[in-house]
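Pasting the sequence and the predicted model now:
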Amino acid sequence: METSRDLERGLGQRHIEMIAIGGCIGTGLFMGSGKAISLAGPGILFVYAFTGFVLYFVMRAMGELLLYNLEYKSFVDFSEDILGPTAGFFVGWSYWFVWIVAAIAEIIAISGYVSFWLPNLPHWISAVSVILLLLTLNLLTVKAFGELEFWMAIIKVVAIIGLIFLGLYLCVTGFVSPSGIQAKVSNLWSYGGFLPHGVSGLLAGLQMTIFAFAGMEIIGTMMAETRNPKVMLPDAIHKIPMRIMIFYVGTILVLMMVTPWTDISPDESPFVGMFSLIGMVSAASIVNLVVISSATSSSNSGIYATSRMLYGLAKQHHAPTVFGRLSSHKIPSGGIFLGTGLILSAALILTTTQSMMSAFELVGSVAAIIFIFIWSMILVAYLVYCKRLPQAHDESDFKMPWSKTMPYVSFAFFGIVIYALSLSEDTRIALYALPIWFLVLGLIYFFKTRNNPYHQKFVEQFREKVIAQNAAAKEYRSKAR
């Protein structure tokens, strides 16, 4: 194996946009939305819209920080540079872990989708087949990986747009299914109103909604492999609101117009179920294929993210040096092998459980909690940056709008999500995962840094830098007055 020094800048604009879409539009939307709709009814539209609104500002904060210093390869780099080595260690390893967990959830869902066609096929066979495919895809050059991911993501984008237009057509023409269900806009409020379960229903649907948006921040791990990050990153982030309106709000809206929310099963993909319910069995098979492709694409993005994160951690001396080596294709293959191995072992265990949806919900809840931690740390780093580096913030070409308000609105929203997770037995157990994970990380960090001269020197340099930045910030503010 060659130890090439740098990752290859082989990703173009269309690649990073589609990898970002591939990461955040997966089973959280295609499968988890059925559970979310059953809990909240049509009111889930408000939850999706507001969650997307909050996360757009998290992405804007991340974008401003990444463009402040183009030496940053990911949000882990600015976490370490702004908040210190401990923050970099916890954020980096947590992000690595959460994508392992998220990919496991995707593999579990894929096993369930395959049973739509092959109900007698053991789930572990489909899980192993998909993981071997993902391993092969990720060992290619980053340009080839980006090209493949681009086309896999294109499939889901075309399918979603096609589904929206088909749903609107069914509503306009007043289509009536063989079971007597008519597609119409009034289905949104004819079964108990927009909020059939009140506020408690909205809270219950939050977990699956958060997991559906998980992966949006993956564009923050591509800085080292994009050709022109100063142009590409802002452009990708600017397009997030439109994607949210089309891919999340639009699809859920049409889904509940064609199929009354009371007929949507929480235990299967509502998109496949919609076509089965209205008697279009062949279309259901096509949608099931699209859903499998979507979940595979999301898992693919997850393995990409974990391998790059592990590579960055190794470069920062937070992981074994073997993971900082690149193959002849300039790919961090060590991280790819480790990630796929862990996903394979965990997925094999979980695909043997009786309830696929229960396993998916548990793993999805754990992932949602850790993603909230990652997004919160991005905002914490942003607030410290604004305080300690006010001149850089004032002169930024990609300044976060409403920067004095939205970080705190986001924190309040994340607090509500954590509270909502504590209300259900199915999701409450996931809340125990974060303290346990932090305890494990804390012990590793303690023994790793104890009596480590490199770490002590780094900490001392960080303290000196903070003192100098605080002094410069004080001087800048006094001149600004």
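That came in fine, so what should we check first? Residues are numbered from 1 along each chain as shown.

Just confirm residue 177 contacts residue 274, I think it does.
No: using CB atoms under 8 Å as the test, residue 177 is too far from residue 274 to be in contact (9.7 Å). Every residue, glycine included, has its C-beta placed from N, CA and C.

Compare these two (neighbour count), which wins?
residue 274 (27 against 19; other CB atoms under 10 Å).

So the nearest residue to the more buried one once chain neighbours are set aside versus residue 165, what's the distance?
The shortest distance from residue 274 to any non-neighbouring residue, by CB to CB, 6 or more residues apart in numbering, is to residue 259 (4.7 Å). Using CB to CB, to the nearest Å, residue 259 is found at 16 Å from residue 165.

More neighbours: those two, which one.
Neighbours per residue (other CB under 10 Å) separate residue 259 from residue 165, with residue 259 holding more: 25 against 11.

For the more buried one, give its distance to residue 253.
In this view, residue 259 and residue 253 are 12 Å apart by CB to CB.

likewise residue 92?
The value you get for residue 92 to residue 253, if CB to CB is used, is 38 Å.

Same check on residue 413?
22 Å.

isn't residue 262 right up against residue 191?
Yes: at 5.0 Å, residue 262 and residue 191 qualify as touching, with contact defined as CB under 8 Å.

Could you check how many residues crowd around residue 455?
The tally of other residues near residue 455 (other CB under 10 Å) stands at 17.

roughly how far apart are the residue lying closest to it once chain neighbours are set aside and residue 96?
Excluding the flanking residues, the one nearest residue 455 by CB to CB, 6+ apart is residue 449, at 4.2 Å. Distance of residue 449 to residue 96, given as CB to CB: 18 Å.

Show me which of these two is the more surrounded one.
Legend: neighbour count by other CB under 10 Å for residue 449 and residue 96, higher for residue 96 (24 against 18).

dump the residue contacts of the more buried one.
Residue 96 makes contact with 306, 309, 310, 313, 339 under the criterion CB atoms under 8 Å, 6 or more residues apart in numbering.

So the second one sits against residue 99, correct?
Same thing as residue 309. Yes: here residue 309 reaches residue 99: they are 7.4 Å apart, a contact under CB under 8 Å.

Now for residue 396, how many residues are close by?
Neighbours around residue 396, by other CB under 10 Å: 18.

do residue 405 as well
Neighbour tally, residue 405, other CB under 10 Å: 10.

The longest helix along the chain - what's its average pLDDT?
Longest helix in the chain, counting residues (DSSP state H): helix 281-315. Average pLDDT, helix 281-315: 79.

Check which helices and strands that helix is in contact with.
helix 13-24, helix 27-30, helix 75-83, helix 85-114, helix 123-138, helix 142-172, helix 270-277, helix 333-350 (3 or more CB pairs under 8 Å, 6 or more residues apart in numbering; DSSP states H and E).

For residue 184, give me the backbone phi and psi.
phi -160, psi 150 (degrees, to the nearest 10).

any idea how far the closest residue in space to it that isn't next to it in sequence is from residue 38?
Ranked by CB to CB, 6+ apart and with sequence neighbours excluded, the top spatial neighbour of residue 184 is residue 171, at 5.8 Å. Distance, residue 171 to residue 38, by CB to CB: 21 Å.

where does residue 196 land in three-state SS?
What DSSP: H, G, I helix; E, B strand; the rest coil gives for residue 196 is coil.

buried residues in the longest helix of the chain?
Buried positions in helix 281-315, judged by neighbour count with 16 or more other CB atoms under 10 Å: 283-284, 287-315.

What of stretch 164-175?
In stretch 164-175, counting by 16+ other CB under 10 Å, buried: 164, 166, 167, 168, 170, 171, 175.

which of those residues lies closest to residue 465?
residue 164 (50.1 Å; CB to CB).

I'd guessed that closest one sits against residue 250; true?
Yes: Residue 164 lies in contact with residue 250 (CB under 8 Å); the separation is 5.2 Å.

sorry, back to before: would you turn the buried residues of stretch 164-175 into a markdown table with distance to residue 456 and pLDDT?
Formatted as a markdown table, the buried residues of stretch 164-175 follow (distance: CB to CB, whole Å; pLDDT from 0 to 100):
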| residue | distance to residue 456 | pLDDT |
| --- | --- | --- |
| 164 | 57 | 86 |
| 166 | 62 | 84 |
| 167 | 61 | 85 |
| 168 | 63 | 89 |
| 170 | 66 | 86 |
| 171 | 66 | 89 |
| 175 | 70 | 84 |
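
residues touching the residue nearest to residue 184, list them.
183, 184, 185, 254, 257, 258.

so where's the stretch 51-200 of the chain uncertain?
Residue ranges of the stretch 51-200 of the chain with pLDDT under 70: 141-145.

pretty sure residue 310 is touching residue 325, no?
No: shown here, residue 310 and residue 325 do not form a contact pair, counting by CB under 8 Å, at 11.1 Å.

intersection of neighbour lists for those two?
332, 334.

Could I get the contacting residues of residue 90?
Residue 90 neighbours (CB under 8 Å, 6+ apart): 377, 438, 441, 445.

hang on, residue 66 packs against residue 72?
Yes: under the criterion of CB under 8 Å, residue 66 makes contact with residue 72 at 5.3 Å.

Which of those two has more residues huddled nearby?
Taking neighbours as other CB under 10 Å, residue 66 and residue 72 compare with residue 66 leading, 25 against 21.

List the residues that contact the more buried one.
Per CB under 8 Å, 6+ apart, neighbours of residue 66: 72, 74, 75, 78, 220, 223, 229, 233.

relative to helix 75-83, how tilted is the helix or strand harbouring it?
If you go by DSSP states H and E, residue 66 is part of helix 44-68. Interaxial angle of helix 44-68 relative to helix 75-83 (axes from the mean of the first three to the mean of the last three CA atoms, to 10 degrees): 70 degrees.

Noted, bye for now.
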